[in-house]
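Chemist: Sharing a model that was predicted from the sequence below.
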Amino acid sequence: MHETNQSLSVIAQTQIQSQIILLQGSVIKLLEEALLTGSLPDINRLYNTSEFAREGSIRALRDQYQRKHNISEYESDRDIKELNRSLPYR
């Protein structure tokens, strides 16, 4: 069970890291543009990217919660079946 939970965490971690990389790329592009043009770029692009990353991160956490819940449900069903098999018939 520990390995399963760990792999679920890795999935969510990877998804959230991709959102961070997206944000970093956006900041780098805005800074490059500012250096090349000498003026401030449209800050709304950064805002839109941050909203996209926020929504993606929330989705990753929600999906992780759902995966964990489904596995817990499966394990509970399996435990109940094993318990029923171990009980003597009356």
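Modeler: In hand now; what should we look at? Numbering: from 1, shown residues only.

Chemist: Please enumerate the helices of the protein.
Modeler: 2-37, 43-86 (DSSP state H).

Chemist: Turn the ones you listed into JSON lines, columns for mean pLDDT.
Modeler: Listed next are the helices of the chain as JSON lines, based on pLDDT from 0 to 100:
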{"stretch": "helix 2-37", "mean pLDDT": "86"}
{"stretch": "helix 43-86", "mean pLDDT": "78"}
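
Chemist: Any chance of CSV for the ones you listed, columns mean neighbour count?
Modeler: All C-beta atoms are positioned from the backbone trio N, CA, C, and that covers glycine. Output for these, formatted as CSV (neighbours: other Cβ atoms under 10 Å):
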stretch, mean neighbour count
helix 2-37, 13
helix 43-86, 12
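
Chemist: From residue 34, how far out is residue 40?
Modeler: To residue 34, residue 40 is 6 Å away according to Cβ to Cβ, to the nearest Å.

Chemist: How about residue 64?
Modeler: Distance, residue 64 to residue 34, using Cβ to Cβ: 36 Å.

Chemist: Ok, residue 52 next?
Modeler: Distance, residue 52 to residue 34, using Cβ to Cβ: 21 Å.

Chemist: before we move on, what about residue 61?
Modeler: According to Cβ to Cβ, residue 61 stands 33 Å off from residue 34.

Chemist: can I assume residue 23 is in contact with residue 49?
Modeler: Yes. Look at residue 23 against residue 49 with Cβ atoms under 8 Å: they come within range, at 6.1 Å.

Chemist: dump the residue contacts of the closest residue to residue 56 other than its chain neighbours.
Modeler: Distances taken as Cβ to Cβ, 6 or more residues apart in numbering put residue 19 closest to residue 56, at 4.6 Å, once the chain neighbours are dropped. Applying Cβ atoms under 8 Å, 6 or more residues apart in numbering to residue 19 gives the contacts 53, 54, 56, 57, 60.

Chemist: Can you add distance to residue 13 and give those back as CSV?
Modeler: What follows is these, written out as CSV (distance: Cβ to Cβ, whole Å):
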residue, distance to residue 13
53, 15
54, 17
56, 13
57, 11
60, 9
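
Chemist: Name the nearest of those relative to residue 10.
Modeler: Proximity of these to residue 10 (Cβ to Cβ) peaks at residue 60, which lies at 11.5 Å.
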